[in-house]
Every structure is written in C-alpha cells, then in structure tokens.
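Trainee: The following block contains a protein sequence and its predicted model.
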Amino acid sequence: MDQEQLMKKIVEEVVKEMMAGGSAPDTGRPQADGPEGKVTASNYPLAEKLSDRIFSQTGKRFDELELKALLDGQISAEDMRISPETLEMQAQVAESVDRAALAENMRRAAELINVPDARVLEIYNALRPYRSTKQELLDISNELESKYRCTICSKFVREAAEVYEQRGRLKAG
C-alpha cells in the first residue's frame, strides 16, 4: 500500500469513527466549510467534495491532473505534486475529528514541499540517532526556518536535538 492509499484509509477510518461517535449526520450535501471557514470531515474526501479548491503545487486544477494528460505531455510530474494549501485542508479535516497529531504531520509536510527532495532526505538521515551532533541539528533547524520558512519543522528538529542530548543519542563531536 503506497502512502497516498494509506493516508486515504486512515482519514476514512477517522471519519467513520467520528460519524459513529454521535456527530452530526451526513446530509449527503457537502458543506462548503466548517466554523471559521475551516474544512471539516463533512468535506472529506476533498477530491469529491471540494475538487474546485484543490490545486497542484504548480497551480494546476485537480480536474487537470489525469494520467492521460501526463502521458500526453500536457502536464509534468511536477504538476502532480500536492500543494501546501491542500495539505492544510487535510490538516483541518484531521483537527475536526480530534486528530491533532495527524494535523501536525500534514502541516510539517506542507512546509517541506518547498525544500528540495535531496535536502529532505539529508535531513531525515541527520535525524537518525547517532548521526548528528547537537550543533549540526541546531544548524538544520536554523536553515529550515531562515532559508525555507519551515517554522514547525524547525521547532521539531530543535526539540529532537534536545531529546537526543537528554537520551545520549547524539554523534560524538
């Protein structure tokens, strides 16, 4: 099961749980937004209920993202990448069913969209135990915040540096 299928399954299970837990019944009619203009579980799946608000990272409309268009060269693989705005909508769905950790993961992912893939992999490897000194992790945190404006991810790396120091998981330096 790929990541997209796994994420869809998780969100479907969360929505199913939420509906079983006594929430407002589904009227069969998608609501545009929840309180304060936020997307809620009633808007899930977004591709079916809010497709007009979903765009790729390059600004392509969701309905333009078809395999045939990709094979015909009308869109590129880059056009198929999710946008930070779509991930934020997914985060709001997760929050609407009290899944704060999942929402936070979506927001971290949204921040990382503008970080080059190779750099994300380097950071991932640097975060493995015994791979980095505390200063190296703090430098990554500063880079994420200053270069890419990834404030949530920066905080996450900073916290990891502190936890690794407490648990003796830093590289000797």
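Mentor: On my side now, so go ahead.
Trainee: Would you quantify the distance from the residue sitting nearest the centre point of the chain to Ala41?
Mentor: Nearest residue to the geometric centre of the chain (C-alpha atoms, centre = their mean): Met106, 2.6 Å. The gap separating Met106 from Ala41 is 14 Å, by C-beta to C-beta, to the nearest Å. (Each C-beta comes from the backbone N, C-alpha and C, glycine too.)
Trainee: Which strands or helices does the helix or strand harbouring Glu145 pack on?
Mentor: In this assignment (DSSP states H and E), Glu145 forms part of helix 134-148. Using 3 or more C-beta pairs under 8 Å, 6 or more residues apart in numbering; DSSP states H and E, the elements in contact with helix 134-148 are helix 100-112, helix 117-126, helix 151-167.
Trainee: hmm, try it at 6 Å
Mentor: On a contact count with 3 or more C-beta pairs under 6 Å, 6 or more residues apart in numbering; DSSP states H and E, helix 134-148 meets helix 151-167.
Trainee: just checking, what packs against the helix it packs on?
Mentor: Counting contacts by 3+ C-beta pairs under 6 Å, 6+ apart, helix 151-167 is packed against helix 100-112, helix 134-148.
Trainee: for those helices, which one sits closest to Ala126?
Mentor: In terms of C-beta to C-beta, the element of those nearest to Ala126 is helix 134-148, at 6.0 Å.
Trainee: How far off centre is the closest one?
Mentor: Here helix 134-148 is found 20 Å from its chain centre; the criterion is C-alpha atoms, centre = their mean, to the nearest Å.
Trainee: about what we covered before: pipe the helices and strands packed on helix 151-167 into TSV and attach distance to Val93 per row.
Mentor: Shown next, in TSV, are the helices and strands packed on helix 151-167 (distance: least, C-beta to C-beta, whole Å):
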stretch	distance to Val93
helix 100-112	8
helix 134-148	25
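Trainee: Thr133 and Lys171 touch, don't they?
Mentor: Yes - if you go by C-beta atoms under 6 Å, Thr133 and Lys171 touch, sitting 5.2 Å apart.
Trainee: Tell me the helix or strand right after the helix or strand of the chain at the bottom of the mean pLDDT ranking.
Mentor: Ranking every helix and strand in the chain by mean pLDDT, DSSP states H and E puts helix 3-20 at the bottom, with a mean of 55. Remark: after helix 3-20, the chain's next helix or strand is helix 46-49, criterion DSSP H and E.
Trainee: Any buried residues in that following helix, and which?
Mentor: 46, 49 (16 or more other C-beta atoms under 10 Å).
Trainee: before we move on, the earlier item: wouldn't the residue nearest to the centre of the chain be in contact with Glu88 here?
Mentor: No - judged on C-beta under 6 Å, Met106 makes no contact with Glu88 at a distance of 7.2 Å.
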